[in-house]
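In: test case, fold it:
(one chain, ligands or ions: 1)
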Amino acid sequence: MKSMKNIFSSRKRRVDDKKLDMTRLPKHIAIIMDGNGRWAKKRGLPRTAGHKAGVEALRDIIRTCSTLNIKYLTLYAFSTENWKRPKDEVSALMQLLVHYLKKEIIELHKNNVRIRTIGDISGLSQVARKEIDIAIELTKNNDGLGVNIALNYGARAEMIKAVKEMCQKVKNNEIAIENIDENEFEQCLYTKGIPDPDLVIRPSGEFRISNFLLWQIAYSEFWFSNIFWPDFNGECLMEAIIDYQKRDRRFGGIK
Ligand code: FPP
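Out: Numbering: from 1, shown residues only. Predicted coordinates:
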């Protein structure tokens, strides 16, 4: 079997080929992994086969981000709205998550990846929570790529949670209303301590945000593509980064 190290070095060659500016890489990339269902339909397969193939794509993207020394990768895996899907699909997605963590966590740990989640994981099954806890605990001291998996995540719910926490702090006299600012608010978000995404990627031809990181993407750069998520690979990611490097980010100021 090809070792992780070898796979990593072959990616490095492709990076050089594409002439990425290694000094101007995004620190944080966020991805809406969309198009699994359509990918499967196109092949006459059940939607769950699309999700399975989506996990393969995920592997390649994590490897590529790790090789490039990207600091954070946030993945939209299951939204607060995804519960509306048929029971079978929800359960297949949860099983995939459990299976993925069980199977990959040692390899991820060896590669210095740190796993975190954003979202209300108390809404997930006990089995899923157990695997998540193991993954978080095992990798908590790693300082390589930080992978944040959004599970039962919705940006509106996240902001309501933050508002409630702020109100509680005011009630407890821990903070005065006039001292509430963006910094204080961010301390109450799931993404506390994680810098805002520089680049948000949505494949599959959709041009919407779907309740993903609404606060954090205020100044993110967006990259869309028609490719369905299962076909998204390291090459696509590099294409996105190369485009990102051509953007002029002014954060509301002027050059
Ligand atoms: C959106 O495609 C995708 C999802 C709702 C699930 C994404 C999950 C994975 C890629 C795998 C599980 C994740 C982990 C972390 C192991 P869609 O089903 O909405 O596609 P469609 O728009 O074509 O129907």
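In: other SSEs contacting the helix or strand Leu93 falls within?
Out: Leu93 belongs to helix 87-110 when assigned by DSSP states H and E. Judged by 3 or more CB pairs under 8 Å, 6 or more residues apart in numbering; DSSP states H and E, the packing partners of helix 87-110 are helix 47-67, strand 72-79, strand 114-118, helix 126-139, strand 146-153. For glycine as for every other residue, the C-beta is placed from the backbone atoms N, C-alpha and C.
In: out of those, which gets nearest to Glu186?
Out: Of all the helices and strands packed on helix 87-110, strand 114-118 sits nearest to Glu186, with 12.9 Å by CB to CB.
In: so which elements touch that closest one?
Out: Counting by 3+ CB pairs under 8 Å, 6+ apart, strand 114-118 packs on helix 87-110, helix 126-139, strand 146-153.
In: residues contacting the closest residue to the ligand within the chain?
Out: Distances between the chain and the ligand by CB to the nearest ligand atom are smallest at Gly37, namely 2.5 Å. Taking CB atoms under 8 Å, 6 or more residues apart in numbering as the criterion, Gly37 is in contact with 47, 50.
In: next one: phi and psi at it?
Out: Main-chain torsions, Gly37, degrees, to the nearest 10: phi -60, psi -50.
In: same deal with Pro46?
Out: The phi/psi pair for Pro46 (degrees, to the nearest 10) is phi -70, psi 150.
In: need the contact list for it.
Out: Counting by CB under 8 Å, 6+ apart, Pro46 touches Ala40.
In: remind me which helix or strand the residue sitting furthest away from the middle of the chain belongs to.
Out: Most distant residue from the mean C-alpha position of the chain: Asn173, 35.0 Å away (CA atoms, centre = their mean). Per DSSP H and E, Asn173 falls between elements, in no helix or strand.
In: burial measure for the residue lying closest to Ile61 once chain neighbours are set aside, as a count.
Out: Of all residues not flanking Ile61 in the chain, Leu237 sits nearest, at 5.8 Å (CB to CB, 6 or more residues apart in numbering). Applying other CB atoms under 10 Å, we find 24 residues neighbouring Leu237.
In: I figured Leu237 hits Ile62, correct?
Out: No. When contacts are counted by CB atoms under 8 Å, Leu237 is not listed as touching Ile62 (10.3 Å).
In: tell me the residues on this protein that lie near the ligand, please.
Out: 33-38, 51, 54-55, 58, 75, 77, 82, 93, 96-97, 100, 149 (CB under 6 Å from any ligand atom).
In: can you name the residues bridging to His28?
Out: On the basis of DSSP bridges, His28 is bridged to Tyr72.
In: what is the neighbour count of it?
Out: His28 has 21 neighbouring residues, counting by other CB under 10 Å.
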